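Undergrad: got a sequence here, can you model it:
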Amino acid sequence: MLRRLAFASLTRRRARSLLAVMGVAVSGALLLDMVMLAGGMRDSFRKLLLVRGFQLRIAPKGTLPFDTQATIGQASEIIATLRTNPDIVAISPILGLKLRVPNRNVTTVAIGLDGDVQADYELLSGRPVGGTDRIVANQAFADATHSRLGDTLVVALGYDTPRRRLVIAGIGRFFYTAAGEAVVAVPLATLQATGGSATADRVSLFMARARDGVDPDVVRQWIEQRIPRISAISTGTALKQFDQRMGYFRQLAVILGSISLGVGFLLVTTLVTVSVNERVGEIAVMRAIGVSRQHVVEQIVLEGVALALAGTVLGMGLGLITARAFNAILSDFPGLPAAFQFFVFRPRDAYAAMSMLAAAGALAGIYPAWRAASLPVADTLHGEAIA
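TA: Below you'll find the model as predicted:
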């Protein structure tokens with residue numbers, strides 16, 4: 001009975017109720033987007049770091065991976081030292097350089113790596129990096145050089161450096177490069193030799209994987225003690241630094257989310273209050289024939305909750321659509337990895353947004369419900385009769 005009365009009250013003014021639901025839907029969509037933004041960036045960054053299970057990054061002292069052009073010398077000695085720790089089960093040395101393809105007038109990012117232990121790309125077709133001349137390119141590089149699987153390209157580091165012939169053995173998707181950026185993965189020894197003495201036995205960073213059950217921060221401390229000339233960064237440390245750098249986005253998400261929640265609350269409050277003002281005579285009659293104050297309060301609060309929930313359900317779909325559009329815009333940020341997402345949908349985000357809006361709808365109905373339940377029955381009926 002309570003639900004029928006609430007439904008009848010809302011459908012009495014259908015156009016007004018529909019507009020209110022649409023308004024709440026817009027607020028709900030913005031709230032969902034902001035909840036997704038607040039936690040989604042961190043989750044996306046964490047998944048990006050652990051895409052291949054490597055929990056540790058080892059970079060030149062005082063720098064972040066690829067934050068500068070600095071490299072680490074005597075790489076083979078560092079690898080030998082790292083292998084003495086039984087808690088480190090995999091090591092991936094990486095060298096990043098710029099390569100030119102003179103005949104195609106293209107400059108590309110070249111990532112030197114060990115094809116057997118790599119965490120930089122996913123092979124889509126063909127064969128992985130291997131040998132001395134077998135490389136993997138992304139589709140942007142293939143398009144820029146008008147090449148395909150099996151083609152042989154002549155590359156060089158600079159205008160006056162020796163040239164080398166490399167074969168495109170595979171097409172891959174790279175995890176840490178920006179969308180549309182041309183990238184190739186090259187055997188590490190080949191890329192080191194291409195640069196001559198300047199890059200011999202040097203790398204830009206190491207990625208390391210700790211044994212299951214071992215705290216990566218314990219391994220990180222061991223690495224920094226044994227090799228003082230480098231900086232080791234665990235996933236936890238990287239997330240803390242990420243929170244510091246991206247804190248602006250989280251603050252913005254909290255502010256806009258609070259505003260959207262407040263707008264939804266005020267919208268429902270206004271509509272329910274107007275509805276109660278139009279029905280004071282009806283409510284007074286209900287009270288006069290014995291309907292309890294609690295029943296009146298419950299009905300009006302239920303109307304507020306129903307408006308909020310209806311708008312929230314509509315807002316969830318709208319929020320997912322707008323999140324995709326916003327993500328496409330923000331993903332064009334220069335230097336941002338293509339795999340990084342600002343808005344990541346998680347079921348708990350939808351539950352949180354729906355819960356907050358439902359609670360706002362319940363709170364929005366409290367004032368008009370209290371006002372309706374407090375009406376003096378006799379005076380209200382007398383005033384309605386005169387009117």
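Undergrad: buried set for the one helix or strand residue 94 maps to?
TA: Per DSSP states H and E, residue 94 falls inside strand 88-101. Residues 88, 90-97, 99-101 are the ones in strand 88-101 that count as buried (16 or more other CB atoms under 10 Å). All C-beta spots, glycine's among them, are computed from the backbone N, C-alpha and C.
Undergrad: stretch 316-336 now?
TA: 316, 318-320, 322-323, 327, 330-331.
Undergrad: now those in CSV, with secondary structure, pLDDT and distance to residue 40?
TA: Output for the buried residues of stretch 316-336, formatted as CSV (DSSP: H, G, I helix; E, B strand; the rest coil; pLDDT from 0 to 100; distance: CB to CB, whole Å):
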residue, secondary structure, pLDDT, distance to residue 40
316, helix, 84, 15
318, helix, 87, 17
319, helix, 84, 12
320, helix, 85, 12
322, helix, 85, 14
323, helix, 83, 9
327, helix, 79, 9
330, helix, 72, 11
331, coil, 69, 13
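Undergrad: tell me the one of the residues you listed nearest residue 138?
TA: Minimum distance to residue 138 across the buried residues of stretch 316-336 is 16.1 Å, recorded for residue 331 (CB to CB).
Undergrad: which regions of the stretch 1-150 of the chain lie under the pLDDT threshold?
TA: Along the stretch 1-150 of the chain, the parts satisfying pLDDT under 70 run over 1-14, 66-68.
Undergrad: in it, which spans are helices?
TA: Ranges of helices in the stretch 1-150 of the chain, per DSSP state H, counting those that start in this stretch, are 2-12, 14-49, 75-82, 139-145.
Undergrad: buried deepest among these, which one?
TA: Counting by mean count of other CB atoms under 10 Å, helix 14-49 has the highest mean neighbour count of those, with a mean of 21.
Undergrad: mind listing the strands for this protein?
TA: Using DSSP state E, the strands of the chain run over 56-60, 88-101, 106-113, 121-126, 134-137, 152-155, 164-174, 183-187, 205-210, 230-234.
Undergrad: show me which positions of the fourth one end up buried.
TA: Residues 121, 123, 126 are the ones in strand 121-126 that count as buried (16+ other CB under 10 Å).
Undergrad: tell me which residues touch the first one, please.
TA: Residues counted as contacts of residue 121 (CB atoms under 8 Å, 6 or more residues apart in numbering) are 111, 136, 138, 172-175, 183, 185.
Undergrad: now those residues in a markdown table, with distance to residue 223?
TA: Formatted as a markdown table, those follow (distance: CB to CB, whole Å):
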| residue | distance to residue 223 |
| --- | --- |
| 111 | 22 |
| 136 | 29 |
| 138 | 31 |
| 172 | 29 |
| 173 | 30 |
| 174 | 26 |
| 175 | 23 |
| 183 | 28 |
| 185 | 25 |
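Undergrad: so which of the residues you listed is the closest to residue 346?
TA: Once CB to CB is applied, the member of the contacts of residue 121 that ends up nearest residue 346 is residue 175, at 20.8 Å.
Undergrad: wait, that closest one sits on residue 138?
TA: No. Using CB atoms under 8 Å, residue 175 is not in contact with residue 138, being 10.7 Å away.
Undergrad: these two: who's more crowded?
TA: residue 138 (24 against 18; other CB atoms under 10 Å).
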